[in-house]
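Q: Quick one, structure for this:
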Amino acid sequence: MVRTGGSSAGTSRRRSGRSASPAVRARRAGAAVVGLVAAALLALGGPAVPAVAGPLPPAVAAAVAPVSLPQAEDFTDGLRVESATTYTVDLPNSVVHVAQVVTLTNETPDRTTQSAVQQFFFTSFGTPVLVGATHVAASRDGGPALSVSIQAGDGVAVSWAVVDLDPHLYYGRTQVLRITYDLPPQPPRTDTYSQVNRAFATFPVYSGADPGLGSVTVVVPAGLAVDVVGDELTRSSSGTNAAYSASAIADPGTWWTSVIIRDDNALVTQNVELGDAGIRLLGWPGDGEWLDFTADLARRGLPVLEDTIGLPWAAKGQLDLVETATPSLYGYAGWYQHSSEVIEVGDRLDAQTTLHELAHVWFNEEMFSARWIDEGLACEYSALAMAGLGMQAPVPDAVDPAVAGPVQLNDWSGDPTSGADGNEAYGYNTSWWVVHELVGEIGADSMAEVLAAASAHEFTYPATVDERRPSTVADWRAFLDLLEGVGGSVKAEEVFRAVVVAAADEALLDQRAQARDEYATVLDASDGWAPPAALREAMAAWRFDSATAMMPQVIDLFGRRDALAADLAQIDRELPAALQEQFELSVHLDQLATVLDDATGAGDALVDAVDAQEHANPLARVGLLLDPVDDELAAAGKDLDAGSYAAAAQSAQDAERGVASATWKGGLGVGGLLVLLVVVGLVVGAVVRRRRSRVAAMPPLDQAPPGL
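A: Modelled structure (predicted):
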């Protein structure tokens with residue numbers, strides 16, 4: 001169990017006997033009444049015990065058996081009992097000293113009848129002491145020791161210290177008794193109601209007085225940690241001690257408390273190293289068996305838990321595992337305090353309890369907010385770890401979903417600090433049964449994927465692109481979504497309806513079923529894309545009215561995406577790379593529609609520009625050679641993929657205008673070329689004619705030049 005603390009209640013009561021005078025006894029059996037309401041205590045390591053009426057010890061009952069007298073209904077108990085009990089804790093010597101000062105007053109008046117005077121007196125007084133008490137002694141205040149015998153009680157809670165009153169207590173008289181005994185150490189792993197050693201003490205505190213006449217005081221050396229479980233005690237300081245007390249207890253029959261005193265510095269420590277992780281064991285002095293058992297279990301069990309759960313060791317620092325009876329006083333075998341990384345378990349060598357609490361290092365309020373989920377997972381995975389260690393793995397008791405239990409698991413949110421109530425056993429078993437059934441359905445590997453998603457606080461309706469969004473700890477609704485969406489469970493909803501969901505939420509499950517059917521239609525239209533975040537968030541938050549209202553618009557948006565894809569396919573281009581992320585992460589559908597308008601406009605402009613280039617006339621082709629638009633088209637494609645649709649449209653339009661102006665540019669180019677060719681032709685013709693005329697003017701080669 002994950003601890004957040006606890007309380008429990010019990011009762012303690014006694015009545016003394018009363019006997020007739022010797023004169024009356026000559027004619028009648030002595031009249032006596034002795035009774036007790038036994039203390040409702042918690043066995044160390046055991047469950048809570050309800051308050052019960054305990055019969056008298058047989059010897060006392062025989063000695064003071066009541067007698068039938070005329071008008072017996074007029075008799076009352078007739079004994080006034082005032083009591084002050086002091087418990088002095090001595091941890092260094094492993095003992096608790098108990099001293100009870102009892103003031104007894106006989107308030108049963110003598111009675112005169114026609115035949116005799118009836119006197120009622122008390123011959124003995126019985127007070128409960130815990131089983132295992134030693135050095136029991138009694139004396140009259142300021143007088144000699146009195147005979148005291150120990151009589152067995154009913155069960156293992158208390159014995160009876162029966163003190164002989166000497167002299168007998170007659171009407172109107174008072175006697176003050178001092179009864180003392182010690183609570184010594186008890187062997188570990190025995191059914192006792194008290195335990196004391198050099199590091200730890202716990203014992204019940206109760207009053208055996210009449211209403212308003214009882215007081216109790218617990219004296220503890222200052223500096224020790226003290227917990228009070230049950231009715232309140234007031235703390236005060238006296239020198240080197242602290243006192244916890246209650247006085248004028250109004251109803252001793254129902255008043256009960258227990259104290260826990262700890263000196264963790266006196267615990268015996270042992271470190272267990274597990275790679276980068278470490279566990280510090282803190283055991284009771286003298287209980288090496290518990291240390292050895294727990295160390296071995298941690299060394300072998302933690303790697304199995306880690307592997308079975310599928311997540312690395314989740315402790316944020318050093319984990320302390322402490323031997324203590326504290327959880328049992330609240331009705332639990334152990335607990336894990338997540339904030340301080342402390343596990344406390346009893347002295348029982350209980351593998352399942354220890355592994356269960358170790359599993360809570362993973363399964364706590366940081367993974368799931370519902371108590372039943374964390375407890376069910378801890379139960380199941382501690383059992384799986386036991387199987388992995390070769391132990392006989394326990395299984396939950398079968399639950400019939402058709403039979404209504406005392407509480408639905410979503411209503412099983414009892415604060416552990418309030419003590420184990422009647423629903424605890426049902427809640428633990430049923431939560432375990434739910435997890436056990438689901439692990440059996442989807443398998444440990446798929447459940448590991450569910451747990452990984454919950455541990456990472458993943459969105460239960462995730463995008464297919466990288467998505468970073470705030471998330472919260474998974475509740476039961478997210479757990480159901482993950483079981484189906486990640487784990488592939490088909491029976492989770494049925495199980496949840498049967499034992500998890502309160503009646504008020506059944507309609508919500510109906511809405512969910514309808515919404516998920518319609519959501520499947522949206523996914524059919526998605527072609528591998530996730531729907532927009534606006535819809536996915538509504539589904540994840542179980543706002544199904546909003547979700548179903550969005551779905552027709554989302555299907556239309558997917559249709560517009562498909563139309564854009566078809567347009568771009570004409571020029572052998574795919575959808576813009578940025579569009580999928582813009583689509584999936586959109587939290588406002590109207591804004592997404594605008595984005596699609598912009599993307600479609602840019603895509604259409606690019607298609608038109610490419611089409612214009614591919615279908616350019618001959619003069620335009622010449623013009624494009626002179627002034628190409630390839631850079632504009634490349635820029636348009638790049639901006640389109642990046643999601644810069646306005647820039648893409650501008651570049652595409654520039655390219656299309658470039659193609660449009662290419663015709664006259666081509667015409668100018670061709671015309672210029674023709675002029676150039678004419679000019680070149682004329683120049684060449686002139687050169688040729690000049691050369692010919694010069695050749696004709698030259699004399700024959702066989703004629704000498706003039707003058708030679």
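
Q: Residue 347 against residue 286, yeah?
A: No: Residue 347 lies out of contact with residue 286 (C-beta atoms under 8 Å); the separation is 10.9 Å. The way it works is simple: take the backbone N, C-alpha and C, and place the C-beta from them, glycine included.

Q: which of these two has more neighbours?
A: Here residue 347 and residue 286 are compared on neighbour count by other C-beta atoms under 10 Å; more neighbours surround residue 347, at 23 against 15.

Q: What strand or helix carries the more buried one?
A: In the assignment (DSSP states H and E), residue 347 maps to no helix and no strand.

Q: Give me the pLDDT for it.
A: According to the per-residue confidence, residue 347 scores 92 in pLDDT.

Q: Now it. Nearest residue, chain neighbours left out?
A: Computed as C-beta to C-beta, 6 or more residues apart in numbering, the closest residue to residue 347 that is not its neighbour in sequence is residue 188, at 4.4 Å.

Q: Helices along the stretch 401-550 of the chain, start to end?
A: Assigned by DSSP state H, counting those that start in this stretch, the stretch 401-550 of the chain shows helices spanning 424-455, 476-485, 492-495, 506-526, 533-540, 544-569.

Q: Could you dump the ones you listed into a markdown table and include distance to residue 202, mean pLDDT and mean neighbour count?
A: As requested, the helices of the stretch 401-550 of the chain are exported to a markdown table (distance: least, C-beta to C-beta, whole Å; pLDDT from 0 to 100; neighbours: other C-beta atoms under 10 Å):
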| stretch | distance to residue 202 | mean pLDDT | mean neighbour count |
| --- | --- | --- | --- |
| helix 424-455 | 21 | 96 | 20 |
| helix 476-485 | 36 | 96 | 22 |
| helix 492-495 | 40 | 96 | 18 |
| helix 506-526 | 45 | 96 | 14 |
| helix 533-540 | 47 | 95 | 22 |
| helix 544-569 | 52 | 96 | 17 |
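
Q: need the contact list for the nearest residue to residue 555 once chain neighbours are set aside.
A: Nearest in space to residue 555, with sequence neighbours left out and distances taken as C-beta to C-beta, 6+ apart, is residue 525 at 5.0 Å. Contacts here follow C-beta atoms under 8 Å, 6 or more residues apart in numbering; on that basis residue 525 touches 554-555, 558-559.

Q: Go through the residues you listed and say which is closest to residue 641.
A: Top of the list for closeness to residue 641, among these and by C-beta to C-beta, is residue 558 at 19.9 Å.

Q: How much space separates the closest one from residue 583?
A: The span separating residue 558 from residue 583 equals 9 Å under the rule C-beta to C-beta, to the nearest Å.

Q: re earlier: can you read off the backbone torsions of the residue nearest to residue 347?
A: Backbone torsions for residue 188, taken as degrees, to the nearest 10, come to phi -60, psi 150.

Q: can I assume it is in contact with residue 283?
A: No: between residue 188 and residue 283 no contact is recorded; they are 9.4 Å apart, counting by C-beta under 8 Å.

Q: any common contacting residues for the two?
A: Common neighbours of residue 188 and residue 283, counting by C-beta under 8 Å, 6+ apart, are residue 290.

Q: show me where pLDDT drops low in the protein?
A: 2-76, 154-156, 414-422, 469-470, 616, 619-620, 622-624, 626-627, 658, 662-708 (pLDDT under 70).

Q: Can you give the domain ranges for it?
A: Structural domains of the chain, as assigned by automatic domain parsing, span the residue ranges 19-39+56-265, 550-665.

Q: Could you dump the ones you listed into a markdown table with distance to residue 472 added?
A: As requested, those are arranged in a markdown table below (distance: least, C-beta to C-beta, whole Å):
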| stretch | distance to residue 472 |
| --- | --- |
| domain 19-39+56-265 | 33 |
| domain 550-665 | 17 |
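
Q: how about the ones you listed, which one is nearest residue 475?
A: Each of the domains of the chain was checked against residue 475 via C-beta to C-beta, and the shortest separation belongs to domain 550-665, namely 21.7 Å.
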